[in-house]
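Enquirer: the following comprises the amino acid sequence and a computationally predicted model.
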Amino acid sequence: MANNAMRKSNLYNPGVREPFRLSRSKIDLFLECPRCFYLDRRLGISRPGGPGFPLNSAVDNLLKNEFDLLRQKGQAHELMKKYRIDAVPFNHQDLSIWRDDSHKYLGACVLDKKTNLEISGIIDDVWINRNKEFLIVDYKATSTSKEISLEDEYKQGYKKQMEIYQWIFRQMGFKVNNTGYFVFANAVRNRPKFDGRLEFELSIIPYVGNDAWIEDTLGEIKKCLDSDEIPKPSPNCEHCYYRESANKEIEN
C-alpha cells in the first residue's frame, strides 16, 4: 500500500501548482507513444519493466573511474587525443549530482517556466574545451562486428537523449557546444579463448545536436498531461497493440 501511495503521489495532477518532475526517459516515452506516456504519468499504469543491464552499468562505472582519474589532474584521455578532441574532463562540484542515479537527486535538473515542468537528466560525463564550452558525453556499451555509427534505427533515440542533455545545461546557464560525444565500448568477439575476460575496443562518435524541437515538445506534453482524454496510441506501439489485442480476445 505504501509503494502504491508513493507511486500515486508522483503522478501528474492538473490542479497542483507545484512543478512536475519529468525525466529525460519520460520525454522519450512521449515521443514513442503519447498513450503509453499518459497511462504512465497521469494514471500510474506503466509499461512492463524489462531486464536490467548490469554489464552496461559496469562498463559505465569503469569508464567514469578512468576519466575521473584524469579529471583530478586536468588531463585529457589518450582516446580524446586520438580523436583530436581539444578538451579535458570537466571538474565541477555538482558532477556527482548530475550523474546520480540513486534517486536522491535525479541528475541535472531545470524548471521550464512556460510549462512548469521540471526536466531532469542523468549524464555520464562533461568535458570542457579551450573556449570554456561544455561537451556533453554519453557512454555506450555494445558488442558488434559492424562499424559503429549512429545511423541504426534504434540509435536515433541516442541523438534525442544528447539533445535533451544539451538543452538542460543551456537552461542551467552553461555554454554548451552543439557537438557532443558518444564513447562506445565494443566487446570483442573474435578472441580465440574467453579466459573469463571481456576485452573492449573504445571509440568516439561525435554528434552535432539541435535542441530546437524540445520547447515545442514540452508544450505538447503539457497539453497531453492537462487533458482528461486518453491520447490515441502510436501506430507502431507494440505495447498498445498488445493491450488492444488482448482486450478484444478477452471481450470475445
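Expert: Arrived safely.
Enquirer: quick check: buried residues in stretch 81-89?
Expert: 85, 87-89 (16 or more other Cβ atoms under 10 Å). The C-beta positions use only the backbone N, C-alpha and C, and glycine is treated the same way.
Enquirer: beyond the lengthiest helix in the chain, next helix or strand please.
Expert: In the chain, assigned by DSSP state H, the helix with the most residues is helix 54-73. Counting by DSSP states H and E, the next helix or strand C-terminal to helix 54-73 is helix 78-82.
Enquirer: give me the residues contacting that next one.
Expert: Helix 78-82 is contacted from outside by 87-88, 127, 183, 202, 204, using Cβ atoms under 8 Å, 6 or more residues apart in numbering.
Enquirer: max pairwise distance over those: which two?
Expert: Val88 and Leu202 (17.2 Å; Cβ to Cβ).
Enquirer: state the helix or strand in which the residue nearest to Trp167 when sequence neighbours are not counted lies.
Expert: Distance criterion Cβ to Cβ, 6 or more residues apart in numbering; nearest residue to Trp167, sequence neighbours excluded, is Asp211 at 4.0 Å. Asp211 belongs to no helix or strand when assigned by DSSP H and E.
Enquirer: tally up the residues packed near Asp211, please.
Expert: 19 (other Cβ atoms under 10 Å).
Enquirer: okay, it: pLDDT?
Expert: Note for Asp211: predicted pLDDT of 97.
Enquirer: mind listing what's buried in stretch 191-208?
Expert: 198, 200, 203-205, 207.
Enquirer: which residues does the residue nearest to the spatial centre of the chain contact?
Expert: For the chain, the residue nearest the mean C-alpha position is Gln161 (4.7 Å; Cα atoms, centre = their mean). Neighbour list for Gln161: 24, 28, 121, 138 [criterion: Cβ under 8 Å, 6+ apart].
Enquirer: how about those, which pair is most distant?
Expert: Of all pairs drawn from the contacts of Gln161, the greatest distance, 13.5 Å, lies between Asp28 and Asp138 (Cβ to Cβ).
Enquirer: what's Arg35 sitting at in phi/psi?
Expert: Here is the backbone geometry of Arg35 (degrees, to the nearest 10): phi -70, psi -50.
Enquirer: distance from stretch 236-249 to the middle of the chain?
Expert: 27 Å (Cα atoms, centre = their mean, to the nearest Å).
Enquirer: and which of the contacts of Gln161 is nearest Thr115?
Expert: Nearest member of the contacts of Gln161 to Thr115, counting by Cβ to Cβ, is Arg24, at 15.1 Å.
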